[in-house]
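K.L.:
sequence and predicted structure, then a few things I'm wondering about:
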Amino acid sequence: MDVKVGFVIVCLCTLAITSSEAGIPKCCINTKSDIRPRILMNVQRWEMQESNSACDIQALVLYVKNFKKPVCAHPNVKRKLKTILKIKDQMARRRPS
């Protein structure tokens, strides 16, 4: 086999592998409804996982400070999270700079 043909095949295989990894969504497969307030205070960002997309269940995905993986919470936790983040924001505004 010609070296150029072999190189092209290797490049195409590499491209196929890397593009297929990006196409696989990361979904929560189960959720927790008893998330401790301490964890909710350390949420840096969050997003809703919808069940009508590529994922099977609806979940609140929490990205928590110093956690390697996101926390999958039940959608009902969103109300508690918003309350805690509001209190956290109010406390930050009261502190003198």
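P.N.:
Happy to help now that I have it. All values derive from a computational prediction rather than experimental measurement. Residues are numbered from 1 along each chain as shown.

K.L.:
list the contacts of the closest residue to residue 74 other than its chain neighbours.
P.N.:
Leaving aside its sequence neighbours, residue 74 sits nearest to residue 33 (CB to CB, 6 or more residues apart in numbering; 4.0 Å). Where you see a C-beta, it was placed from the backbone N, CA and C, and this is true even at glycine. Listed by CB atoms under 8 Å, 6 or more residues apart in numbering, the contact partners of residue 33 are 73, 74, 76, 77.

K.L.:
could you turn the buried ones of these into a PyMOL selection?
P.N.:
Buried subset of those, written as a PyMOL selection, criterion 16 or more other CB atoms under 10 Å:
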select buried, resi 73+74+77
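
K.L.:
can you put the contacts of residue 33 in CSV and add distance to residue 66, pLDDT and secondary structure?
P.N.:
Output for the contacts of residue 33, formatted as CSV (distance: CB to CB, whole Å; pLDDT from 0 to 100; DSSP: H, G, I helix; E, B strand; the rest coil):
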residue, distance to residue 66, pLDDT, secondary structure
73, 17, 96, strand
74, 22, 96, coil
76, 25, 95, coil
77, 19, 95, helix
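
K.L.:
show residues contacting the strand or helix carrying residue 86.
P.N.:
Using DSSP states H and E, residue 86 sits within helix 77-94. Applying CB under 8 Å, 6+ apart, the contact partners of helix 77-94 are 32, 33, 35, 37, 40, 41, 43, 46, 48, 60, 62, 73.

K.L.:
on the strand side of things, show who the closest residue to the first one other than its chain neighbours bridges to.
P.N.:
Computed as CB to CB, 6+ apart, the closest residue to residue 32 that is not its neighbour in sequence is residue 73, at 5.7 Å. Going by DSSP bridges, residue 73 is paired in beta bridges with residue 32, residue 60.

K.L.:
surely residue 73 touches residue 59?
P.N.:
Yes: assessed by CB atoms under 8 Å, residue 73 is found in contact with residue 59 at 6.7 Å.

K.L.:
quick revisit: as CSV, the contacts of residue 33 with distance to residue 93 would be great.
P.N.:
Below are the contacts of residue 33 laid out as CSV (distance: CB to CB, whole Å):
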residue, distance to residue 93
73, 26
74, 30
76, 28
77, 24
